[in-house]
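J.: Can you look at this prediction? I've put the sequence above it.
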Amino acid sequence: MEDDDVEPRLGRMRTTPIRRGRSYMSQVLRATNLAGGMAGPGGQRGRFHGNRSGVGVGVGRVLASRDHFAAWRQRRVIVKSRIVRLDRAKGMNAARAHLRYIQRDGVTRDGAPGQLYSADQDKVDGRAFLDRADGDPHQFRFIVSPEDGQHYDDLQSLTRRLMTQMEQDLGTKLDWVAADHFNTGRPHTHIILRGKDERGYDLVIARDYITQGIRERAAELVSLDLGPRADIEIEDRLRCEMDQERLTSIDRRLLRDMDSDRAVVTSLADPLQQSLRAGRLQKLGRLGLADEVEPGRWRLAEGMDDVLRRMGERGDIIRMMQRAFTEHGLERAPGDYVIADPARMTPIVGRVVERGLSEELDDRHYLIVDGIDGRSHYVDIGKGEAVEPIPPGAVVRIEPESIEARAVDRTIAEVAAAHGGRYSIDLHLRHDPAATESFAETHVRRLEAMRKAKGSVEREADGTWVIAPDHVERAAAFEAHRAKATPVIVHTLASLPLDRQAGADGATWLDRELLSADPMPLREAGFGAEVREAIDRRRQWLIAEGLAQEEQGRVMVRANLLSTLRRRELNLITGQLSDQLGLAYTEPRPGERIDGIYRRPVELASGRYALIENSREFTLVPWRPVLDRHIGKKVSGLMRGDSINWTIGRQRSGPSIS
């Protein structure tokens with residue numbers, strides 16, 4: 001071949017794709033797969049999917065292949081990792097929210113807000129970090145939790161040494177911030193790492209290094225600080241593992257050693273390891289997860305590791321519930337602990353015992369609820385931002401989020417089916433002359449939400465929507481996807497604890513239950529019994545206040561009891577607020593327009609109200625959750641009975657919130 005046969009093209013390889021529309025990396029992966037992939041164990045060729053790409057791949061594989069028995073001597077560290085895309089405004093908003101989350105109140109040893117720090121600064125401005133990250137394609141988030149973290153006065157030194165070691169392993173300087181948390185049983189550190197290296201290129205870290213390499217490096221450092229674990233400590237822990245109903249290190253060794261028939265043998269050269277294995281297999285046999293096919297030879301059940309993981313998670317949750325009830329001076333029978341499954345649960349009504357984090361990396365929260373059915377419920381409520389703060393002792397109703405398609409989805413499908421698979425407001429009004437334009441606009445908002453979240457619908461340039469024949473099924477899938485983030489709906493029935501409701505000067509949940517034609521069934525145990533007693537005390541209080549009377553063994557309440565109680569409480573609280581604010585109180589009337597600055601919510605026994613203030617006076621009106629995003633802003637609304645339609649901001653027209 002002559003030199004003239006080669007035409008050089010300058011620039012990075014990824015900028016000159018061999019085939020239009022594909023990146024250089026995708027072409028390499030495709031060519032490798034077409035060529036038969038890479039040789040795997042036994043000479044077999046497997047599909048190459050890029051798992052071994054990225055910086056730190058060599059170090060990660062070496063650390064991941066270390067002898068697991070030698071690793072028992074190391075101090076253990078849990079590392080959780082997540083890669084978050086930042087290539088959209090939504091991603092940066094989520095990054096800002098995550099920074100606020102790790103700096104929230106009550107996470108340090110003395111209950112103070114979390115403090116960001118970096119490699120060389122003890123106090124870091126999170127906004128400056130995000131400004132540097134503007135334009136990054138992604139962000140790495142890690143939670144590093146040493147098993148013996150309680151022995152550290154603070155975790156900053158450990159974190160800085162870990163990040164320095166990572167820089168050496170990855171061959172680049174890293175831009176990161178971190179915050180230490182001591183608000184759980186195990187002290188841990190949140191680390192946020194930019195997705196760019198020191199040269200400004202995208203930082204891609206090998207999977208082996210993320211999943212195992214970081215953990216091994218952190219364990220090395222903790223072992224250097226606190227010393228390796230003693231032989232007796234290791235042996236005691238392994239013997240405890242034999243009878244645990246969770247996935248253990250013994251189980252992982254069994255799974256690595258099993259043959260193609262999922263069979264393992266008990267005989268090992270090490271007497272201790274042989275006794276541990278034999279004892280563990282006996283336990284697995286009692287759990288129905290292993291069968292002895294012949295003396296000294298066992299077959300492990302399919303999915304054994306998944307079953308053991310679920311058993312371990314359930315055991316952890318039950319112990320957490322027992323601790324929470326004990327801390328609040330409550331006693332509940334072990335058989336009454338229930339872990340709610342949103343797919344099968346019925347609505348739960350009860351008292352909030354505790355709210356906490358089930359998964360910090362994903363900001364997933366849980367509620368422990370003492371139910372009126374006499375049982376104690378653990379409920380995964382999903383993303384913390386989806387459920388407003390709920391005070392301990394509040395009475396709530398929790399129901400599963402629907403994963404079915406809505407009526408609006410069926411209407412869209414019906415209109416589209418009659419107009420060649422297209423939907424628009426004009427087509428909707430032509431299809432149904434009785435429909436209003438505002439009603440059709442709600443369908444467009446639904447389509448816009450589906451387009452942004454899943455891309456399951458397409459909008460054309462003229463505003464017409466392309467609707468697939470299986471639109472209803474796609475809408476159901478959209479709802480199921482949303483339910484993963486918010487699996488349940490939490491309604492606060494009463495913010496006041498039960499004992500304060502019994503004598504409260506306001507319209508309480510107990511009053512609503514007293515007047516209900518279909519009161520909730522109460523079990524004669526646990527919180528159900530406490531509610532019965534509180535209702536009896538409330539009856540006596542109403543009689544003493546002249547709001548009810550007893551006739552022939554029955555308690556007859558005064559007409560308009562709830563409005564009377566609500567007015568009594570408002571008269572009391574508005575007088576106090578008037579003195580504090582130096583403003584006169586104006587009572588809102590039906591049909592009246594409310595204009596002013598939204599200052600804050602006001603929590604009353606009768607419910608939550610919004611304090612609206614103008615230059616000379618203030619008023620209290622029914623509160624809505626959306627208002628809390630507009631504290632200090634101009635709002636306008638029209639009173640309609642006991643509710644109000646809001647318009648946020650100074651605009652003359654715009655979206656109303658009813």
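T.: Right, received. Where do you want to start?
J.: which residues are contacting stretch 586-594?
T.: Contact with stretch 586-594 is made by 612, 617-621, 635-641, 644, as judged by Cβ atoms under 8 Å, 6 or more residues apart in numbering. Quick note: C-beta positions are derived from backbone N, CA and C, even for glycine.
J.: Report the beta-bridge partners for V144.
T.: Beta bridges link V144 to V79, T189 when assigned by DSSP bridges.
J.: what about it, distance to V79?
T.: Distance, V144 to V79, by Cβ to Cβ, to the nearest Å: 5 Å.
J.: Kindly report the same for L493.
T.: Using Cβ to Cβ, L493 is found at 41 Å from V79.
J.: hmm, which two among the contacts of stretch 586-594 are most spread apart?
T.: The two members of these with the most space between them (Cβ to Cβ) are E617 and G641, at 22.0 Å.
J.: average pLDDT across stretch 633-653?
T.: The average pLDDT within stretch 633-653 is 70.
J.: do stretch 557-568 as well
T.: Per-residue pLDDT over stretch 557-568 has a mean of 89.
J.: Need the residues that contact that stretch.
T.: With contacts defined as Cβ under 8 Å, 6+ apart, stretch 557-568 is touched by 505-508, 511-512, 514-515, 542, 546-548, 606.
J.: What about those residues, which one has the most neighbours?
T.: For those, counting by other Cβ atoms under 10 Å, the largest number of neighbours falls to T508: 28 neighbours.
J.: In contact with that residue: list those residues for me.
T.: Neighbouring residues of T508 by Cβ under 8 Å, 6+ apart: A494, L496, Q501, R538, L565, A605, S606.
J.: where does it land on pLDDT?
T.: Predicted confidence (pLDDT) for T508: 93.
J.: Then the one 3 residues further on?
T.: Model confidence at D511, expressed as pLDDT, equals 92.
J.: Tell me the spacing between it and G185.
T.: Applying Cβ to Cβ to D511 and G185 gives a distance of 40 Å.
J.: Tell me, please, the helix or strand in the protein that averages the lowest pLDDT.
T.: strand 38-39 (a mean of 42; mean pLDDT, DSSP states H and E).
J.: When E617 and G641 are compared, which one has more neighbours?
T.: E617 (14 against 8).
J.: surely that one meets A584?
T.: Yes. Here E617 reaches A584: they are 4.7 Å apart, a contact under Cβ atoms under 8 Å.
J.: What's the local residue count around the residue nearest to R297 when sequence neighbours are not counted?
T.: Nearest non-adjacent residue to R297, counting by Cβ to Cβ, 6 or more residues apart in numbering: V265, 5.4 Å away. When neighbours are counted by other Cβ under 10 Å, V265 registers 15.
J.: Tell me which residues touch V265, please.
T.: Here V265 is in contact with G296, R297, W298 (Cβ under 8 Å, 6+ apart).
J.: give me phi/psi at it?
T.: Backbone torsions of V265, given as degrees, to the nearest 10, read phi -110, psi 160.
J.: Roughly how far does it sit from R256?
T.: Distance from V265 to R256, by Cβ to Cβ: 13 Å.
J.: Could I get the CA-only coordinates of the helix or strand that M321 is a member of as PDB?
T.: Using DSSP states H and E, M321 sits in helix 304-327. C-alpha atoms of helix 304-327 as PDB (Å, rounded to 0.1, in the frame of the first residue of the first chain):
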ATOM      1  CA  MET A 304     -31.900 -18.700  47.200                       C
ATOM      2  CA  ASP A 305     -29.900 -15.500  47.400                       C
ATOM      3  CA  ASP A 306     -33.000 -13.300  46.600                       C
ATOM      4  CA  VAL A 307     -35.100 -15.100  49.200                       C
ATOM      5  CA  LEU A 308     -32.400 -14.600  51.800                       C
ATOM      6  CA  ARG A 309     -32.100 -10.900  50.900                       C
ATOM      7  CA  ARG A 310     -35.800 -10.400  51.400                       C
ATOM      8  CA  MET A 311     -35.800 -12.300  54.600                       C
ATOM      9  CA  GLY A 312     -32.900 -10.100  55.900                       C
ATOM     10  CA  GLU A 313     -34.700  -6.900  54.900                       C
ATOM     11  CA  ARG A 314     -37.900  -8.000  56.600                       C
ATOM     12  CA  GLY A 315     -36.000  -8.900  59.800                       C
ATOM     13  CA  ASP A 316     -34.300  -5.500  59.800                       C
ATOM     14  CA  ILE A 317     -37.600  -3.700  59.300                       C
ATOM     15  CA  ILE A 318     -39.300  -5.700  62.200                       C
ATOM     16  CA  ARG A 319     -36.400  -4.900  64.500                       C
ATOM     17  CA  MET A 320     -36.600  -1.200  63.500                       C
ATOM     18  CA  MET A 321     -40.300  -1.200  64.300                       C
ATOM     19  CA  GLN A 322     -39.800  -2.800  67.700                       C
ATOM     20  CA  ARG A 323     -37.200  -0.200  68.500                       C
ATOM     21  CA  ALA A 324     -39.500   2.700  67.400                       C
ATOM     22  CA  PHE A 325     -42.400   1.400  69.500                       C
ATOM     23  CA  THR A 326     -40.200   0.900  72.500                       C
ATOM     24  CA  GLU A 327     -38.700   4.400  72.300                       C
END
